Structure formats: structure tokens, C-alpha cells
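Enquirer: I'll drop the sequence and a predicted model, then ask my questions.
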Amino acid sequence: MSAVMAVTLGNTTAAGVLAIDGVLGPVRRVSVGRLEDLDDVLARACADCGGEAVPVAVASVNPPALQRFARLAAGTGVPRPEVAGADFPIPIPDTVENRGQVGVDRLLGALAAYRRSGGACVTVDFGTAITVNAVSAEGVFLGGAILPGLALMARALAQGTAALPEVAPEDAPPCVGRNTAQAVAAGLLHGAAGAVAALIRGARQTVGAKAAVILTGGGAERLAGLLPTDCRQVQPDLVLEGLILSYRERPER
């Protein structure tokens, strides 16, 4: 039996899962400001695997959170976390100008999406930022586009105006809002969906019109229904899948 604890550290949310033989168990998601809420997941990992030390693989786009998580892991007695992109590579080639500036979450999601689809694909990750990423039929990460996530857009609109409220829409509002809050919600959700749809079209012009589209991230379910029907496949654990693939395929030491 091969087990690994996989943890992703984003700007807003952290997620942890115990994977056995590459199969993910229940995923625990917590606010990145409360990483201590993952300590029970780390503690259970050892018990779930017969008391043996379980390696911990981490993907982080948040350096301060990574430092805090390392201290948390040390306190629970699990092995020192191994960091994707630093301690082991992410096995996807690329043609970008500076791979070191590409968020590991984008690369990991692209890797998992390509393995799932077996061909050209586009990933959309709805998080603090929304990223749209293109992978060629040969499995090469080509790059993509980045725009603000829904919460960032809502906050910027409220902070940059004198009278508009900060709105956190839960469901898709009508395109024509009948009050200010509805109008803001419409702009946020339908505007983001329109931008993403346009970026998907552009990515498909590069990698192929039939490229699979896979959505992930906290806002994926909310926005999927506003996208074209062939762009609604949601895989909430795509980045964790890529992290586990990368760790399992790391070079022998």
C-alpha cells in the first residue's frame, strides 16, 4: 500500500486529503487563515495507515501559509512536507517564458486534466483568481490567462466606489437586476462567465476546437451553468489529483 497526505495551500483556502494507492479519500477544506483545522487530518493519516509515517506532499501559492503549515506539520510528528516544484518536479512540459513564475496550482491542474482527457484540454480554476490554462494534444502546458476571482471583483467594486455594496451572490441572478445588489451580482457572475467563455474560445483556437474543458476551484459549480454546455465538467479536486500524480511519479532518489 502506498499512501501520501496531499495538501494544497491557496490564497484563500487550504485542502488536505489522504490518498492511498492514488485514490483520494474525503477532502477537508479550511480557510487558509485556520490551517490548524487540518491538524486532525494529519493526525489521522498515521492511524489510517497502520501507524506508519505517511509522507506529506504540499502545493503552495502562498509562501507565508507554507511556513505556517511546516510548523504545524512538525508539531504533529509527520515527516517534513515535500513541496511540489521544489522537492519534486511537476511532470508536465511547457513552452512558457518563465516556468518559475507559473503558479504550481495551474501546472498541477493542467497535468491532472491532461491525464483525465488524454488529449488537448483547457482548465479553468475558480479561486481567489480565475485562471484559464491551455494544454496541447501532446500534453504541453502552453500558458493561459488570469483574471480576478468573484470575491476580488466584488471587493474592488465596493472599495473603489462611494455607494456600491460588496455583494457575494450565491446563485445566478437575472442579467437585468432590479436593484443595486442584483445589478452588482449580475455583473459579477454573468460578467465573469462571459469573460471565461471568451477565454475558453481563445484557448481552443490554440489547442483545438474539441479540446476538453475541465472546471475546478471553489466557484466552479456556481459558474458552470452559465458556460456553454460543453464547458461544464467540474472536477473539484483537480489540483490535488495533479499533486498526487506528481508525487507518485517523482524521480528515484
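Expert: All right, it came through fine. Residues are numbered from 1 along each chain as shown.
Enquirer: got the buried residues for the top helix by length along the chain?
Expert: Counting residues, the longest helix found in the chain (DSSP state H) is helix 180-207. Within helix 180-207, the residues that count as buried by 16 or more other C-beta atoms under 10 Å are 182-190, 192-193, 196-197, 199-200, 203-204, 207. Placement of C-beta: from N, CA and C, glycine included.
Enquirer: So in that sheet, which strands flank the helix or strand following that helix, and in what orientation?
Expert: Once the chain leaves helix 180-207, the next helix or strand it forms, by DSSP states H and E, is strand 212-216. Applying DSSP bridges, strand 212-216 is found paired with strand 121-126 (parallel), strand 233-234 (parallel).
Enquirer: tilt between strand 212-216 and helix 180-207?
Expert: 140 degrees (axes from the mean of the first three to the mean of the last three C-alpha atoms, to 10 degrees).
Enquirer: outside of strand 212-216, which residues touch it?
Expert: Applying C-beta atoms under 8 Å, 6 or more residues apart in numbering, the contact partners of strand 212-216 are 109, 113, 116-117, 119-126, 200, 223-224, 227, 230-239.
Enquirer: Helices of the protein, start to end?
Expert: Using DSSP H, helices in the chain cover 39-48, 63-76, 104-117, 150-159, 180-207, 220-224, 238-248.
Enquirer: Tabulate those (JSON lines), appending mean pLDDT and distance to residue 141.
Expert: Formatted as JSON lines, the helices of the chain follow (pLDDT from 0 to 100; distance: least, C-beta to C-beta, whole Å):
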{"stretch": "helix 39-48", "mean pLDDT": "74", "distance to residue 141": "30"}
{"stretch": "helix 63-76", "mean pLDDT": "92", "distance to residue 141": "22"}
{"stretch": "helix 104-117", "mean pLDDT": "98", "distance to residue 141": "5"}
{"stretch": "helix 150-159", "mean pLDDT": "94", "distance to residue 141": "24"}
{"stretch": "helix 180-207", "mean pLDDT": "95", "distance to residue 141": "11"}
{"stretch": "helix 220-224", "mean pLDDT": "91", "distance to residue 141": "20"}
{"stretch": "helix 238-248", "mean pLDDT": "97", "distance to residue 141": "11"}
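Enquirer: and the angle from the longest helix of the chain to helix 150-159?
Expert: 130 degrees.
Enquirer: on contacts alone, who are the packing partners of helix 180-207?
Expert: On a contact count with 3 or more C-beta pairs under 8 Å, 6 or more residues apart in numbering; DSSP states H and E, helix 180-207 meets strand 121-126, strand 129-135, strand 141-148, helix 150-159, helix 220-224.
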